[in-house]
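> quick check, what structure comes out for this input:
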Amino acid sequence: MHYFKLTIAYDGTDFHGWQIQAGKPTIQGEIVNVLRRITQEHIILHGAGRTDAGVHALGQVGSFRTQSALSAGEFQRALNALLPPTIRIVGAEEVGPDFNARWSARGKTYRYRLYRGNVVPPFHWRYVLHYPFPLDEDKMCDAASRFVGTHDFASFAASTGSEDDDKERSTGREIFSTELVRTPDQEELVFTVKGRSFLRYMVRKMVGTLLDVGRGRLVPGDVDRLYELRDRSKSGPTVPPQGLVMVEVHHEEAWRI
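I've put the predicted structure just below:
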């Protein structure tokens, strides 16, 4: 048996997220279909995380096992030849049997882009949220720094759809670092966050809260209050998905063969 790690980039615009869904195009579904064509096996592809519909990736990670004798490079070339051009395998390598894209992950980095110029160039609009209105960016930076550390992020997560499940799930998460900066051309405000793991919609709710701070609807200290409230209706809105990209998944090196 052979074990492989794939590093995957994709434009999520035309897909219903990462996870396979019956009758809907998904990233995982497209890759699995091609892998099954290549190997003639019932391949199961594990992903490091489930990006939602419309969210993009530069460094999503997937893992699978197979009896095929193809090399990692041959899998990469075959996948890129058969996948739609909106999904690219940017890296492939053979790994040991203990590696799992999800369970071996030690952290993830996400980035959200706010376009601050008056007119969004047509080749940017799929990947940014356009917000040309005034914002207090100093206060937003102060608020962003308050996400760092281990906190209860219940106020920054989507509901599971079940009130009982919402009460029982663990919403504590550790954030390693955050950064909110203007791009060199001053056209974009970019929020980058690195953490151990994330709740559904968590990054998008964090950005919505930063926008409310920038608009004066909240103050930076409200972030600390939101941890205690555990009430998602009190935080900022869930911003649209197109500005969000999974930049990188961080793994330990021990899995290398």
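> please make it C-alpha for all contacts and neighbour counts, starting now.
Will do.
> residues contacting Lys205?
Phe156, Ala157, Ser235, Gly236, Pro237, Thr238, Val239 (Cα atoms under 8 Å, 6 or more residues apart in numbering).
> and these, which is closest to Glu41?
Ala157 (37.3 Å; Cα to Cα).
> hang on, the closest one packs against Met202?
Yes: using Cα atoms under 8 Å, Ala157 makes contact with Met202 at a distance of 4.8 Å.
> neighbours of Arg217, how many?
Counted with other Cα atoms under 10 Å, residues neighbouring Arg217 total 11.
> swap in Thr150?
13.
> identify the residue nearest it in space, chain neighbours excluded?
Distance criterion Cα to Cα, 6 or more residues apart in numbering; nearest residue to Thr150, sequence neighbours excluded, is Glu174 at 4.1 Å.
> pretty sure the one you found belongs to a strand, no?
Yes: Glu174 forms part of a strand when assessed by DSSP: H, G, I helix; E, B strand; the rest coil.
> who are the contact partners of it?
So Glu174 contacts Val148, Gly149, Thr150, His151, Gly195, Arg196, Ser197 (Cα under 8 Å, 6+ apart).
> please apply the same query to Leu218.
Here Leu218 is in contact with Thr209, Asp212 (Cα under 8 Å, 6+ apart).
> SS state for it?
Leu218 ends up coil, using three-state DSSP.
> likewise Gly214?
Put simply, Gly214 is helix when judged by three-state DSSP.
> ditto for Pro84
Classification of Pro84 using three-state DSSP returns coil.
> sorry, back to before: ChimeraX command for the buried members of the contacts of Lys205?
Here is the ChimeraX command that selects the buried residues among the contacts of Lys205 (16 or more other Cα atoms under 10 Å):
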select :156,157,235,236,237,238,239
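> can you redo the contacts of Lys205 as TSV with distance to Tyr227 and pLDDT?
TSV is the format used below for the contacts of Lys205 (distance: Cα to Cα, whole Å; pLDDT from 0 to 100):
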residue	distance to Tyr227	pLDDT
Phe156	9	96
Ala157	11	93
Ser235	10	96
Gly236	13	96
Pro237	16	96
Thr238	17	97
Val239	19	97
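> what segments of the stretch 51-200 of the chain are strands?
56-66, 87-95, 105-115, 129-130, 149-152, 172-182, 188-195 (DSSP state E, counting those that start in this stretch).
> deepest of these, which one?
strand 56-66 (a mean of 23; mean count of other Cα atoms under 10 Å).
> what packs against it?
Strand 56-66 makes packing contacts with strand 2-10, strand 46-47, strand 244-251 when contacts are defined by 3 or more Cα pairs under 8 Å, 6 or more residues apart in numbering; DSSP states H and E.
> okay, those strands in a markdown table with mean neighbour count next?
Listed next are the helices and strands packed on strand 56-66 as a markdown table, based on neighbours: other Cα atoms under 10 Å:
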| stretch | mean neighbour count |
| --- | --- |
| strand 2-10 | 22 |
| strand 46-47 | 22 |
| strand 244-251 | 22 |
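> please identify which of those strands is closest to Gly107.
strand 244-251 (5.0 Å).
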